[in-house]
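A.B. asks: would you be able to build a 3D model of this:
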Amino acid sequence: MAKDRKADLWGPASPVMRRANPAFAPSRADRPVHHLGEFVSDPHANSFDVLILGGGSGGYAAAFRAAQLGLSVALVEKDKLGGTCLHRGCIPTKALLHAGEVADAAREADQFGIQASFNGVDMKAVNAYKDGVVTKLYKGLQGLAKARKVQLIEGEGRLVAPDAVEVAGTRYTAKNVVLATGSYSKTLPGLVVDGERVITSEHALGLDHVPASAIVLGGGVIGCEFASAWKSFGVDVTIVEALPRLLAVEDEASSKALERAFRKRGIKFKVGKPFEGVERTDSGVKVTIQGGETIEAELLLVAVGRGPTTANLGYEEQGVKMERGFVLTDERLRTSVPGVYAVGDIVPGVQLAHRGFQQGIFVAEEIAGQHPQVFEESGIPRVTYSEPEVASVGLNESKAREIYGDDKIETLQYDLTGNGKSQILRTAGFVKLVRVKDGPVVGVHMVGARVSELIGEAQLIYNWEAFPGDVAPLVHMHPTQNEALGEAHMALAGKPLHVH
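C.D. replies: As a prediction, this is how the structure comes out:
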């Protein structure tokens, strides 16, 4: 690593040290600093230091971290601790995807010299496996809440004052309130979800059989993941997407690679074709898309995104500023009402569990006077767990050119055909780097099997504002897919090895 760049990366004003040194935190002159000794609320009197409304990723993370810092904490949850992510989202969906991966491995075993056969999918057994994973993690969370002495309040809570939440007629107060009520599956105007033939992801996770065919309305993360899992189970799948490409928020190269892979797998998709209507048929549903084209299938999965769960919870009545149902906050996640914070999917931005989780930790430390470092949205890693996987962090190429100018951006795409472990796995894809000329890497984009496991290093590269020359000398284990990241940075640093 060049001497001057090492100083940049590890010096007192570096991205690394800014995150570690409270002196670099934004000024808090406009808000009093709390010290742990100031919190003397009595949890036995329904009064707490921190009261959290919602027990999903953001809510329970805030609760656990606040309790860890010595604060008295209550957490209100109407369903189960862990929220959508654990019970109806991230975890069960990835369990289905892994089951699908096993099914594909059985089908394709002969290419590895293994004699095996695929005899079908037992959805009862798949669901038992999926639910077993969820149950184990849920019990773990319950144990952590008990160990940290977080008081769990079961029921639907409503903000009735800036410092109070009411649950089933009982009023609970706190010096600080954290809103973390999560999100719900959206639909389109006039499109009625019946839970039988027109379903959302929550219904899809509870199916007791493998449908013969399915239409997936929405080519975003949720839609592509279910299409991928269902295809592995043998479902005839068609994705309908109004935007010009699948995963439209990702780099265009990533979208095109996923589309090629889906075509090869037999997953059909219609892009640039807005939904117009659906009707029930004797065998399922008939969907009409722009241009009058119709598609028939056993069921329709509505995967058009998620909306913030904030209606009728008292937020606006207490003066919390809202926009299109989202709670508005400043960079320190403070709402317009003093002492009230918001985290997770109800805050505008990418709706990701790990974002909410980190926001929950941030708010707990903010309340406790820890001066946590603000993190930027673009530095949050993003993954679509389809086959192949799509992972990214930072800016895509078009956004980088928009911000810095066409002449200031250069890119490099390293194909996984040059990576030994990727050939062993029989996966195709790439690592694409976007950098500012003579400057840092501002975007990392990857496609291929298991690339979700590479995003951790990519996140460090982006968030630490590393130059290609900073990463190139780092030794990457052989043979791993991780080497592809190293090779890409070597090439962009002007010393390509396994690349033309």
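A.B. asks: show me what the longest strand anywhere in the chain is packed against.
C.D. replies: Using DSSP state E to define each element, the chain has its longest strand at strand 170-179. Contacts defined by 3 or more C-beta pairs under 8 Å, 6 or more residues apart in numbering; DSSP states H and E place strand 170-179 against strand 47-53, strand 73-77, strand 157-161, strand 164-167, strand 340-342, helix 353-367. Glycine gets a C-beta too; all of them are placed from N, C-alpha and C.
A.B. asks: each with direction, which strands does it pair with?
C.D. replies: strand 47-53 (parallel), strand 164-167 (antiparallel), strand 340-342 (parallel) (DSSP bridges).
A.B. asks: need the per-residue pLDDT for Glu38.
C.D. replies: Predicted confidence (pLDDT) for Glu38: 42.
A.B. asks: ok so, going back, which residues touch the longest strand of the chain?
C.D. replies: Strand 170-179 is contacted by residues 39, 41, 46-54, 59, 62, 74, 76, 153, 159-166, 310, 315, 320, 327, 335, 339-343, 346, 360, 363, 367 when judged by C-beta atoms under 8 Å, 6 or more residues apart in numbering.
A.B. asks: returning to that earlier point: can you lay out the helices and strands packed on strand 170-179 as TSV showing mean pLDDT and distance to Lys231?
C.D. replies: TSV is the format used below for those (pLDDT from 0 to 100; distance: least, C-beta to C-beta, whole Å):
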stretch	mean pLDDT	distance to Lys231
strand 47-53	97	39
strand 73-77	97	35
strand 157-161	97	40
strand 164-167	97	43
strand 340-342	98	38
helix 353-367	97	24
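A.B. asks: how far does whichever strand or helix holds Ile455 sit from the chain's center?
C.D. replies: Assigned by DSSP states H and E, Ile455 belongs to helix 455-463. Chain-centre distance of helix 455-463: 16 Å, with C-alpha atoms, centre = their mean, to the nearest Å.
A.B. asks: and the helices in the stretch 251-400 of the chain, which stretches?
C.D. replies: 252-265, 353-367, 397-404 (DSSP state H, counting those that start in this stretch).
A.B. asks: of those helices, which is nearest Leu485?
C.D. replies: helix 252-265 (15.3 Å; C-beta to C-beta).
A.B. asks: how is this protein divided into domains?
C.D. replies: Domains of the chain are assigned by automatic domain parsing as 22-84+130-184+308-377, 198-304, 388-492.
A.B. asks: rewinding a little: got the buried residues for the helix holding Ile455?
C.D. replies: For helix 455-463, a neighbour-count test (16 or more other C-beta atoms under 10 Å) marks 455, 457-459, 461-463 as buried.
A.B. asks: what sits against the residue minimising distance to the centre of the chain?
C.D. replies: In the chain, the C-alpha nearest the mean C-alpha coordinate belongs to Leu352, at 3.0 Å (C-alpha atoms, centre = their mean). Counting by C-beta under 8 Å, 6+ apart, Leu352 makes contact with 380, 382.
A.B. asks: can you start the count at 580 instead of 1 from here on
C.D. replies: All right, first residue 580 from here; so that's Leu931.
A.B. asks: against Ser977, how distant is it?
C.D. replies: Leu931 sits 21 Å away from Ser977, going by C-beta to C-beta, to the nearest Å.
A.B. asks: please apply the same query to Cys803.
C.D. replies: For Cys803, the distance to Ser977 - C-beta to C-beta - is 20 Å.
A.B. asks: the two: who's more crowded?
C.D. replies: Taking neighbours as other C-beta atoms under 10 Å, Cys803 and Ser977 compare with Cys803 leading, 26 against 12.
A.B. asks: so that one sits in a helix?
C.D. replies: Yes. Counting by DSSP: H, G, I helix; E, B strand; the rest coil, Cys803 falls inside a helix.
A.B. asks: give the contact list for it.
C.D. replies: Residues counted as contacts of Cys803 (C-beta under 8 Å, 6+ apart) are 818, 825-826, 837, 841, 963, 965.
A.B. asks: pretty sure Lys703 belongs to a helix, no?
C.D. replies: Yes. Counting by three-state DSSP, Lys703 is found in a helix.
A.B. asks: next, count neighbours for it.
C.D. replies: 9.
A.B. asks: just checking, it touches Asp787?
C.D. replies: Yes. Between Lys703 and Asp787 there is a contact at 6.8 Å, judged by C-beta atoms under 8 Å.
A.B. asks: most widely separated two among the contacts of Cys803?
C.D. replies: Ile818 and Thr963 (12.6 Å).
A.B. asks: flag the shaky bits of the chain, pLDDT-wise.
C.D. replies: 580-623, 1079 (pLDDT under 70).
A.B. asks: what residues are bridge-paired with Leu796?
C.D. replies: Going by DSSP bridges, Leu796 forms beta bridges with Val819, Val881.
A.B. asks: wait, what's in contact with it?
C.D. replies: Taking C-beta under 8 Å, 6+ apart, we find Leu796 in contact with 767, 802, 819, 854, 866, 879-883.
A.B. asks: filter those down to the buried ones.
C.D. replies: Neighbour counting over these (16+ other C-beta under 10 Å) leaves 767, 802, 819, 854, 866, 879-883 as the buried ones.
A.B. asks: closest to Gly699 out of those residues?
C.D. replies: Of all the buried ones among the contacts of Leu796, Gly699 sits closest to Leu880, with 21.5 Å by C-beta to C-beta.
A.B. asks: which residues touch that closest one?
C.D. replies: Applying C-beta under 8 Å, 6+ apart, we find Leu880 in contact with 778-780, 783, 793-796, 802, 805.
A.B. asks: so what's Ile940 up against?
C.D. replies: Contacts for Ile940 (C-beta under 8 Å, 6+ apart) come out as 640-641, 644, 951.
A.B. asks: how about Val744?
C.D. replies: Contact partners of Val744, counting by C-beta under 8 Å, 6+ apart, are 630, 632, 655, 736-738, 750-751, 753, 756.
A.B. asks: and Ala793, that's in a strand?
C.D. replies: Yes. Counting by three-state DSSP, Ala793 is part of a strand.
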